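Enquirer: predicted model, plus sequence, below.
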Amino acid sequence: MNALFVVFLLIYLMTLITNLLIFFLVLTDHHLHNPMYFFLANLAFLDMSYSSVTAPRMLYDLATKSRSISIPACTAQVFFYLCFACSEFFLLSAMSYDRYIAICRPLHYKQMMSWRVCARMASMVWVVGCSVSLVYTLLLFRLSFCRTSSIHNFFCNLPHLYQITCTDPFINMVVLFLVCATFGLGAFLMTFLPYVYIFTTILRIRSKTGKRKAFSTCTSHLTVVSIFYGSLIFIYFVPSSSNMVSLNKLFSVISALINPLLNPLIYSLRNKDLMEALRRSYYHLKLIQVCC
């Protein structure tokens with residue numbers, strides 16, 4: 001059996017299990033019913049969806065030695081991949097804002113981060129993410145693709161489709177640049193600017209325990225954000241060349257498979273509340289087994 005198939009299958013299964021576990025814990029444990037974990041549950045759902053767009057097709061191609069995909073299937077993969085990726089951009093911004101309010105304005109936290117506000121923010125994340133993806137995907141229909149061309153990657157993505165088109169993709173690339181310059185830069189600033197105020201506030205905290213707790217929640221989020229942004233910046237903004245094909249494939253795999261697995265591991269291993277919730281769930285399951 002293909003070694004890559006086994007590796008990708010194990011990574012995909014681990015991604016589903018770990019993200020499902022976080023989603024289940026947040027859903028069932030009332031101790032985790034607060035805005036921070038509400039957004040974390042959304043992130044877990046996005047990571048499962050994000051990974052499921054690419055991994056099953058990659059596994060199918062590796063198992064069957066298939067190397068072909070229809071243009072409609074490729075376009076559908078691009079739409080869902082971009083939808084979940086763009087939604088994650090804005091969700092990470094919402095999570096930064098939540099940490100900013102919790103640390104810099106703790107007395108107003110319950111009022112400013114009510115469940116109604118959180119639901120509206122999550123809805124906007126999905127609406128904007130899907131809208132941006134729809135714009136990119138609809139513009140693909142103005143292009144025609146060469147039948148003999150091949151994509152040098154494990155799955156379909158915009159930069160690779162632009163390389164095999166028989167039509168001039170100039171308009172598509174201009175729209176890509178404009179949308180990235182507005183929505184992408186906006187999401188980037190909304191994600192990182194709150195941390196300027198957060199770290200300024202943390203440095204003023206006298207308690208070492210308080211500082212450690214604040215830094216712990218922030219560093220987890222910043223680690224996830226840095227890996228996510230880093231891999232996507234390489235895929236979309238580093239010029240493609242024959243020398244960069246292998247590196248582009250590597251970062252595409254990191255973006256599509258490794259990131260969704262790392263996110264729950266980073267959050268769960270560094271988060272005492274989640275570990276406590278996991279122990280409580282395990283204890284309840286043992287009680288149910290004893291009663292049965």
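Expert: Perfect, thanks for sending it. Given the structure is predicted, the values throughout are model-derived calculations rather than measurements.

Enquirer: just the CA trace of stretch 175-194, in CSV.
Expert: The C-alpha atoms that make up stretch 175-194 are tabulated as CSV, following Å, rounded to 0.1, in the frame of the first residue of the first chain:
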residue,chain,number,x,y,z
VAL,A,175,-10.1,40.6,-8.5
LEU,A,176,-8.0,38.2,-6.4
PHE,A,177,-5.6,41.0,-5.5
LEU,A,178,-8.3,43.5,-4.8
VAL,A,179,-10.3,41.1,-2.5
CYS,A,180,-7.1,40.1,-0.7
ALA,A,181,-6.1,43.7,-0.3
THR,A,182,-9.4,44.6,1.3
PHE,A,183,-10.9,41.6,3.1
GLY,A,184,-7.6,39.8,3.6
LEU,A,185,-5.7,42.8,4.9
GLY,A,186,-8.8,43.7,7.0
ALA,A,187,-8.9,40.3,8.6
PHE,A,188,-5.1,40.4,9.1
LEU,A,189,-5.3,43.7,11.0
MET,A,190,-8.3,42.7,13.0
THR,A,191,-6.4,39.5,14.1
PHE,A,192,-3.1,41.1,15.0
LEU,A,193,-3.8,44.7,16.1
PRO,A,194,-5.8,43.6,19.2
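
Enquirer: okay, buried residues for it please.
Expert: By 16 or more other Cβ atoms under 10 Å, the buried positions in stretch 175-194 come out as Leu176, Phe183, Gly184, Ala187, Phe188, Met190, Thr191, Phe192, Pro194. The C-beta positions use only the backbone N, C-alpha and C, and glycine is treated the same way.

Enquirer: what is the nearest of those residues to Ser49?
Expert: Within those, the smallest distance to Ser49 is 18.4 Å, found for Ala187 (Cβ to Cβ).

Enquirer: count the neighbours of the residue nearest to that closest one when sequence neighbours are not counted for me.
Expert: Setting aside the residues directly before and after it, Ala187 is nearest to Phe89 in space (Cβ to Cβ, 6 or more residues apart in numbering), at 4.4 Å. In terms of burial, Phe89 registers 23 neighbours under the definition other Cβ atoms under 10 Å.

Enquirer: since that was my last question, I'll sign off now.
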